[in-house]
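>>> sequence and predicted structure, then a few things I'm wondering about:
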Amino acid sequence: MKDLWGVLVRQRDYRLMLSAGLISLTGDWLLRTGLAFQVYVLTGSTLASGGLLLASFVPPVLLGSLAGVFVDRWDRRTTMIVTNILNAVVLLPLLAVRDESAIWIVYCVVLAQSCLQQFFTPAEQSLVPALVESGQLVTANALNSQIRDIARLVGAALGGVLAAVGGLSLLAIADAATFLVAVALVAGIRHRATRPRAEEQTAEEAAEGAIKRLKAEWTEGLRLCVGSAGMRLLFGFCVVTSVGEGVMSTLFAPFVSTELGGDGKAYGLIVSSQAIGGIVGGLVAASIGSRLPAATMLGVGSLLFGLVDLTLFCYPLVSDSLIPAFVCMIVVGVPGAFTIAGLMTVLQRLTEDRIRGRVFGAIAAAEGVAVLVGIVTAGVLGDAVGIIPVLVFQGLGYVVAGLVIVSRRRTLAPHPEPAHRLPA
């Protein structure tokens, strides 16, 4: 608990960023859940609901790595403030949606918010190491993971209620309010980045070299993802596990329905129960994080995550009870929290501050492609091979990835950066 309180009490800037993240993420889940409900009410079409997923997946693939280049150029605190303001603004068109004929507005809003997220996320992830001491980084990342699960529980519950009470208009107003509160909190962060002053150029020289510099920086971000043994290892880990996430997102609902005999209510409760384990796991990881090597947390967390998944996917072969599913989903949240905290910490330590945004952006783009591959693969093989065999393959992916990380954790030695002092 000493590590946990050391971060929360002593690091004012990080505390503000964490609070802003909790509030805005709650709004994200509120809108995501409410939109899924409201779009289906307006259209009665599952295809229309699937369009929401497509609108949110396209920007990471097409924009993710390029957005990271600009994140490295801009002040990250300012980037977070501006993107939160724009997120609130782009929600306003939802007030005009009254029936199925205006459903295109919903897709445009989701697409715009997903584009903005490609700038916000790497800015936030890159800013964390500047707000906490080096030894507190694992604890800070574990807390970030924990608030995502808290936001998921609270926001998903509120989203369904607000959608039923006030429809899209109330959802838009509530989500916009969370972004504006987050803006006020981030604006209170005192940390300012020191960027080297650019050489003076004429307008013609600046215009001529802009595209060339952008291409060079974008290419550098892609190259850095595979530029060292440690980064190649992490890049491969992210791709393999993201394929698994695509498989899981596609087949878990059919798994609950077909293999467990559960209804829609059971599915919702089983999915949300993972957040309970995530909250507990985030608290444990935050409390003891500084005492464990981040690479060990990543490898062991992934290994245990995969083993719990395999238990979940295989137990229907001997039992038709739903209780083990709830237990497994709660338990898997704990190694999941360790995996996320370990991965983020290792990535932050392996990259220099000046290029961190483009590395995170490039990895996000690769993860987006991998998720789409997983979705397509699951859709094809789910019918041809069967739901359980494909999901077992997903669990084995985490097990193998975890074993590889544990066996090669020495290659994940942190990149040395200049020490910095932080205000109390």
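Structure's in. What do you need? All figures in this text were calculated on a predicted structure; none of them were measured in a lab. Residues are numbered from 1 along each chain as shown.
>>> where exactly do the helices run in the stretch 1-150 of the chain?
2-10, 12-43, 46-73, 76-90, 103-131, 137-187 (DSSP state H, counting those that start in this stretch).
>>> worst mean pLDDT among those helices?
Looking at these, the lowest mean pLDDT belongs to helix 2-10 (a mean of 57).
>>> will you turn the helices of the stretch 1-150 of the chain into JSON lines that also has distance to Val300 and mean neighbour count?
Every C-beta, even on glycine, is put in place using the N, C-alpha and C of the backbone. What follows is these, written out as JSON lines (distance: least, Cβ to Cβ, whole Å; neighbours: other Cβ atoms under 10 Å):
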{"stretch": "helix 2-10", "distance to Val300": "18", "mean neighbour count": "16"}
{"stretch": "helix 12-43", "distance to Val300": "25", "mean neighbour count": "22"}
{"stretch": "helix 46-73", "distance to Val300": "28", "mean neighbour count": "19"}
{"stretch": "helix 76-90", "distance to Val300": "31", "mean neighbour count": "21"}
{"stretch": "helix 103-131", "distance to Val300": "22", "mean neighbour count": "21"}
{"stretch": "helix 137-187", "distance to Val300": "13", "mean neighbour count": "21"}
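>>> quick one: which of the ones you listed is nearest Val369?
helix 46-73 (5.5 Å; Cβ to Cβ).
>>> tell me the angle of the closest one relative to helix 12-43?
Calculated by axes from the mean of the first three to the mean of the last three Cα atoms, to 10 degrees, helix 46-73 forms an angle of 160 degrees with helix 12-43.
>>> on contacts alone, who are the packing partners of helix 46-73?
Judged by 3 or more Cβ pairs under 8 Å, 6 or more residues apart in numbering; DSSP states H and E, helix 46-73 is in contact with helix 12-43, helix 103-131, helix 203-224, helix 356-384.
>>> now the first one, how far from the centre of its chain.
Just to be clear, that refers to helix 12-43. 13 Å (Cα atoms, centre = their mean, to the nearest Å).
>>> equivalent analysis for stretch 71-81, please.
For stretch 71-81, the distance to the chain centre is 18 Å (Cα atoms, centre = their mean).
>>> mind exporting that stretch as PDB, just the C-alpha atoms?
These are the backbone C-alpha positions of stretch 71-81, laid out as PDB (Å, rounded to 0.1, in the frame of the first residue of the first chain):
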ATOM      1  CA  VAL A  71       1.900  13.700 -30.500                       C
ATOM      2  CA  ASP A  72       5.700  13.800 -30.300                       C
ATOM      3  CA  ARG A  73       5.700  17.300 -31.900                       C
ATOM      4  CA  TRP A  74       3.000  18.800 -29.600                       C
ATOM      5  CA  ASP A  75       2.900  19.400 -25.900                       C
ATOM      6  CA  ARG A  76       1.100  16.300 -24.500                       C
ATOM      7  CA  ARG A  77      -0.900  18.100 -21.800                       C
ATOM      8  CA  THR A  78      -2.200  20.600 -24.500                       C
ATOM      9  CA  THR A  79      -3.000  17.700 -26.800                       C
ATOM     10  CA  MET A  80      -5.100  16.000 -24.100                       C
ATOM     11  CA  ILE A  81      -7.000  19.300 -23.400                       C
END
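>>> returning to that earlier point: same list (the helices and strands packed on helix 46-73) but as TSV, adding distance to Gly342.
Listed next are the helices and strands packed on helix 46-73 as TSV, based on distance: least, Cβ to Cβ, whole Å:
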stretch	distance to Gly342
helix 12-43	19
helix 103-131	14
helix 203-224	20
helix 356-384	15
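>>> who's in contact with Leu322?
260-262, 266, 270 (Cβ atoms under 8 Å, 6 or more residues apart in numbering).
>>> reformat the helices of the stretch 1-150 of the chain as CSV; add distance to Val318.
Below are these laid out as CSV (distance: least, Cβ to Cβ, whole Å):
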stretch, distance to Val318
helix 2-10, 40
helix 12-43, 34
helix 46-73, 32
helix 76-90, 47
helix 103-131, 41
helix 137-187, 30
